[in-house]
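# fold the following and give me the result.
(7 chains)
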Amino acid sequence: MKIRPLFDRVVVEEEKEDTTKSGIFLGAVSNADSIHVGKVLYVGPGNQNDDGEMTKMFVNVGDKVLFNKFSCAEACIDKKHLLIMRQTDILAVIE
Amino acid sequence: MKIRPLFDRVVVEEEKEDTTKSGIFLGAVSNADSIHVGKVLYVGPGNQNDDGEMTKMFVNVGDKVLFNKFSCAEACIDKKHLLIMRQTDILAVIE
Amino acid sequence: MKIRPLFDRVVVEEEKEDTTKSGIFLGAVSNADSIHVGKVLYVGPGNQNDDGEMTKMFVNVGDKVLFNKFSCAEACIDKKHLLIMRQTDILAVIE
Amino acid sequence: MKIRPLFDRVVVEEEKEDTTKSGIFLGAVSNADSIHVGKVLYVGPGNQNDDGEMTKMFVNVGDKVLFNKFSCAEACIDKKHLLIMRQTDILAVIE
Amino acid sequence: MKIRPLFDRVVVEEEKEDTTKSGIFLGAVSNADSIHVGKVLYVGPGNQNDDGEMTKMFVNVGDKVLFNKFSCAEACIDKKHLLIMRQTDILAVIE
Amino acid sequence: MKIRPLFDRVVVEEEKEDTTKSGIFLGAVSNADSIHVGKVLYVGPGNQNDDGEMTKMFVNVGDKVLFNKFSCAEACIDKKHLLIMRQTDILAVIE
Amino acid sequence: MKIRPLFDRVVVEEEKEDTTKSGIFLGAVSNADSIHVGKVLYVGPGNQNDDGEMTKMFVNVGDKVLFNKFSCAEACIDKKHLLIMRQTDILAVIE
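Below you'll find the model as predicted:
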């Protein structure tokens, strides 16, 4: 099974309290809009602008990304906890 | 009876807890904006842009799609549970 | 008496639980934004764009349409239960 | 005294339960956004677009119009119950 | 002391229940968004559009204007009850 | 220490009930959106438009300005009570 | 580990009540939208406009900036208290 995101959407698998794999520790901040970390699994083709061209995507499959969940849709698909968000809702890439 | 959606709208029949047919298991996530799965029954012609051209549709009849219900209209028509949504509210296509 | 809608507005007469006339059964869905069915009585000329041209109307008098009431104005005029909505709020045409 | 509305605003005198004069009966619909009827007293010059031209007005003094009060300002001026609304908030003209 | 409003703002001195001076009677309407009357004291230069030109102002110092207070800022300056509003929030000029 | 505001922001030092210095008396108006007076300390370079040009600033350092606090950020910096606001939120200049 | 912000985002490390390092004292103002101070750690490439060009960034790594937290995402990453915000949400640079 493969997921093809529409427009500039990105499918991300959240990594919960996984310090080892990504080397990042996301400590608790008492804030409703706190940051989460995940890995990009699928990347959409971009949005079509008024001239019919597709806008550029700035993240790639495999990228480790920071995001908040405010505008994410989430589901458990094939036993993975996946989030679907727009590229513009990704805050940063961890390199 | 045939339904002709206006603009970029898409008519989707929801598949509820149907692991077998689509091979997808959508497990419970304690989230109001969780993801649903369905099959595309009808596709609109697209929106007309300022130059009078129709924008492109990226889903086809028969596609298995992921969506959330936030901006859907829903009804039971001819004993089918149908949802009408804009193409931009479809998150991804399952291939 | 004749009603001339302004801009892209459409006057629709709602059909309530009328399975016979339209051949559509709209069963109950426990949802605030459920779909209704009606017949188009009057169609506006479209919106004027920045170049002074009128945008195209995609529904015609007599069309059977699906809509939700979220952005409708409604009244009882000459003993008919009428709704006035923008074309963009019509979900689909039943053919 | 004369009222000169600014931009695309229109001054309307509401007709309350006056079946005889306008020949329209607006029956009660249990809806917060129900439709009202009135007569146009003054019409503004239109909005100025980015090229400095005035947009067209589609209603005339004397027109019988349908509107809802959602975005109206209202006052009793010289013993008349007047409403000031934008042209785009007028739903339809009765002919 | 002189007040120079920025952009398309207008400084208005409210006239409260002053039937004699302006010849207008604003009777009570049980409505939160009711209309007020006042005299224009200062007029801004207009907004600068994308081409660097100033948009036109349609009211003049001394004009008797109708407005509602929804988007007004108000203060008592030099013992006058003044309101500062954008031109687009002025409903009409009384002539 | 110097503050360089970004975009069209302006740093203002509020003058509280200081009739003597500015010659303005701002009396109490029972209104949540009442007007305040202050002196401009720093002015940003303007916003960059789509052609890469900076939009014009209409206030200068030293200007006495009227503003409301609705969209201000405020802080006590170096014992001064400062507010940072966008130019478009300044209502008027006192001359 | 390096953080690459997307679009016009900026990663800032907050300085809490640190008068000595930055020479700024941010005293308490009883205001929900009060100003905070921090140091810029990473700067994104800018937003891509409709012509495919990147908009200009006006802050640099190492800048001491004033901001409010209204539209920030925050997290504790590698034991640092970091905030990710859009450039347009930075109020000013301290020089």
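
# residues contacting the residue sitting nearest the centre point of chain A?
Chain A has A:Val12 as the residue nearest its centroid, 4.0 Å off, counting by Cα atoms, centre = their mean. Under the criterion of Cβ atoms under 8 Å, 6 or more residues apart in numbering or on different chains, the contact partners of A:Val12 comprise A:Gly38, A:Lys39, A:Val40, A:Leu41, A:Val65, A:Phe67, A:Leu82, A:Leu83, A:Ile84, A:Met85, A:Ile90. (C-beta placed from N, C-alpha, C; glycine too.)

# how about a cut-off of 6 Å?
In this structure, A:Val12 makes contact with A:Gly38, A:Val40, A:Leu83, judged by Cβ atoms under 6 Å, 6 or more residues apart in numbering or on different chains.

# quick check: it is in a strand.
Yes. Secondary structure assignment places A:Val12 in a strand (DSSP: H, G, I helix; E, B strand; the rest coil).

# and the gap between the spatially most distant residue from the centre of chain A and G:Asp50?
Among the residues of chain A, the one whose C-alpha is farthest from the average of all C-alpha positions is A:Asp51, by Cα atoms, centre = their mean at 27.2 Å. In this view, A:Asp51 and G:Asp50 are 8 Å apart by Cβ to Cβ, to the nearest Å.

# buried residues, stretch A:88-95. List them.
For stretch A:88-95, a neighbour-count test (16 or more other Cβ atoms under 10 Å in any protein chain shown) marks A:Asp89, A:Ile90, A:Leu91, A:Ala92, A:Val93, A:Ile94 as buried.

# how about a markdown table for the residues you listed, with pLDDT added?
As requested, the buried residues of stretch A:88-95 are exported to a markdown table (pLDDT from 0 to 100):
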| residue | pLDDT |
| --- | --- |
| A:Asp89 | 92 |
| A:Ile90 | 96 |
| A:Leu91 | 95 |
| A:Ala92 | 96 |
| A:Val93 | 96 |
| A:Ile94 | 92 |
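
# quick check, nearest of those to B:Ala73?
Distance from B:Ala73 was checked for each of the buried residues of stretch A:88-95 by Cβ to Cβ. The minimum falls on A:Asp89, at 25.0 Å.

# let's verify the residue farthest from the centre of chain A: helix, strand, or coil?
In three-state terms, and counting by three-state DSSP, A:Asp51 is coil.

# need the phi and psi values for it.
For A:Asp51, the backbone dihedrals are phi -90, psi 10 (criterion: degrees, to the nearest 10).

# and the pLDDT at it?
Here the pLDDT value assigned to A:Asp51 is 76.

# how much space between it and E:Val37?
Using Cβ to Cβ, A:Asp51 is found at 50 Å from E:Val37.

# right, is stretch A:48-66 up against chain C?
No. Counting by Cβ under 6 Å from any Cβ of the partner chain, chain C has no neighbours in stretch A:48-66; the shortest distance is 13.8 Å.

# got the buried residues for that stretch?
By neighbour count on 16+ other Cβ under 10 Å, the buried set for stretch A:48-66 is A:Thr55, A:Phe58, A:Val59, A:Asp63, A:Lys64, A:Val65, A:Leu66.

# in strands, which of these fall?
Residues from those lying in strands, with DSSP state E as the criterion: A:Lys64, A:Val65, A:Leu66.

# of those residues, which is the nearest to chain C?
For these, the minimum distance to chain C (Cβ to the nearest Cβ) is 33.0 Å, reached by A:Val65.

# out of the helices and strands in chain A, which is least certain?
Lowest mean confidence among the helices and strands of chain A (mean pLDDT, DSSP states H and E): helix A:19-22, at a mean of 52.

# residue in chain A nearest to chain E?
Closest contact between chain A and chain E, by Cβ to the nearest Cβ, is at A:Asp50 (17.5 Å).

# give me phi/psi at that residue?
Here is the backbone geometry of A:Asp50 (degrees, to the nearest 10): phi -60, psi -20.

# swap in A:Glu74?
Per-residue torsions, A:Glu74: phi -130, psi 150 (degrees, to the nearest 10).

# and it, bridged to which residues?
With DSSP bridges as the criterion, A:Glu74 is bridged to A:Leu83, B:Ser34.
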